[in-house]
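Colleague: got a sequence here, can you model it:
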Amino acid sequence: MPVKLNIPDQDKIKSFLISYYIIGFAGFTINYTYDLFRLLISFSILLSLALLLLYHKNWSRKFIITGIIIFAGGWLIELIGTKTGFPFGEYEYYTLLRPQIAGVPLILGLNWLFLVYCSFIITSFIPVAKTLRALAGALLMTGYDLLLEPFAIHTGMWTWKGDKVPLSNYIAWFVISFFFIRLMYINSNEKDNKLGIFLFVYQTGLFAALVLTWKLLSL
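Modeller: Next comes the predicted model:
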């Protein structure tokens, strides 16, 4: 007899996440708790993806394979990037995000999957061709990275050569994001998982609020 999971209503999860982000904002802006919350970054990425997939409805072999491709491909691109400087630019990871293989955190592959899925869900409501939706999703992810970079640098997730994020990083993010999102459109027809919209918007807002606050506090 199959086991039926008692999944909480999305509104309850959203209420939990709002509290989680508020606590996260406070934790990252208070000196006493700052180091502790840095250690929770990997957990937060994993939690976000787990909640997102919990409400995914249209599971299929194609979707699962696509998810594995995005996870593995995202991590592999990061590995190539750290070893060659292509396509993002010259950067390296600190040991904050663990576990790592060859100096690249495995959680980054999951983060690529999380962001691609969220962008796919958000753009699925746009009444245009799928290729144009994928382009819109790539723009969303590139905009997200504009806020992620100062957050990641400040918290010691990674560092760039010369302490400056090169333009090549954002170009690479756009191109890679487009291909991943387009792949998702080919192999999934999920539209009901609106938690992806919530997570993307609130996480982006958290990064924006933190970056602005850190700048103000440094004045």
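Colleague: and stretch 142-151, how far out from the chain's middle?
Modeller: Between the centre of stretch 142-151 and the centre of its chain there are 10 Å (CA atoms, centre = their mean, to the nearest Å).
Colleague: and that stretch, what's buried?
Modeller: Neighbour counts over stretch 142-151 (16 or more other CB atoms under 10 Å) mark 142, 144, 145, 146, 147, 148, 149, 150, 151 as buried. Where C-beta positions appear, they are placed from N, C-alpha and C, glycine not excepted.
Colleague: tell me the mean pLDDT over it?
Modeller: The pLDDT scores in stretch 142-151 average 96.
Colleague: in the protein, which spans are helices?
Modeller: Per DSSP state H, the chain carries helices over the ranges 10-29, 31-39, 41-54, 61-84, 107-123, 130-155, 167-187, 195-217.
Colleague: coming back round to it: list just the nearest of the buried residues of stretch 142-151 to residue 40.
Modeller: Lowest distance from residue 40 to those (CB to CB) belongs to residue 151, with 13.6 Å.
Colleague: in contact with the closest one, which residues?
Modeller: With contacts defined as CB atoms under 8 Å, 6 or more residues apart in numbering, residue 151 is in contact with 157, 207, 210, 211.
Colleague: again, but for residue 104
Modeller: Residues in contact with residue 104 (CB under 8 Å, 6+ apart) are 75, 78, 79, 82, 93.
Colleague: distance of the residue lying closest to residue 171 once chain neighbours are set aside from residue 181?
Modeller: What sits nearest to residue 171 in space, not counting adjacent residues and going by CB to CB, 6 or more residues apart in numbering, is residue 87, at 7.7 Å. With distances taken as CB to CB, to the nearest Å, residue 87 is found 17 Å from residue 181.
Colleague: the two: which is more packed in?
Modeller: Using other CB atoms under 10 Å as the criterion, residue 87 and residue 181 rank with residue 181 on top: 30 against 15.
Colleague: that older thread, can you lay out the contacts of residue 151 as TSV showing pLDDT and neighbour count?
Modeller: Converted to TSV, those look like this (pLDDT from 0 to 100; neighbours: other CB atoms under 10 Å):
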residue	pLDDT	neighbour count
157	96	19
207	96	19
210	97	19
211	95	18
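Colleague: picking that back up, which one of the helices of the chain lies nearest to residue 101?
Modeller: For the helices of the chain, the distance to residue 101 is smallest for helix 61-84, at 7.9 Å, taking CB to CB.
Colleague: show me how far the closest one is from its chain's centre.
Modeller: On CA atoms, centre = their mean, the centre of helix 61-84 falls 13 Å from that of its chain.
Colleague: flag every buried residue along it.
Modeller: Under 16+ other CB under 10 Å, the buried positions of helix 61-84 are 63, 66-67, 70-71, 73-75, 77-79, 81-82.
Colleague: same question for stretch 171-178.
Modeller: Buried, per 16+ other CB under 10 Å, within stretch 171-178: 172, 173, 174, 176, 177, 178.
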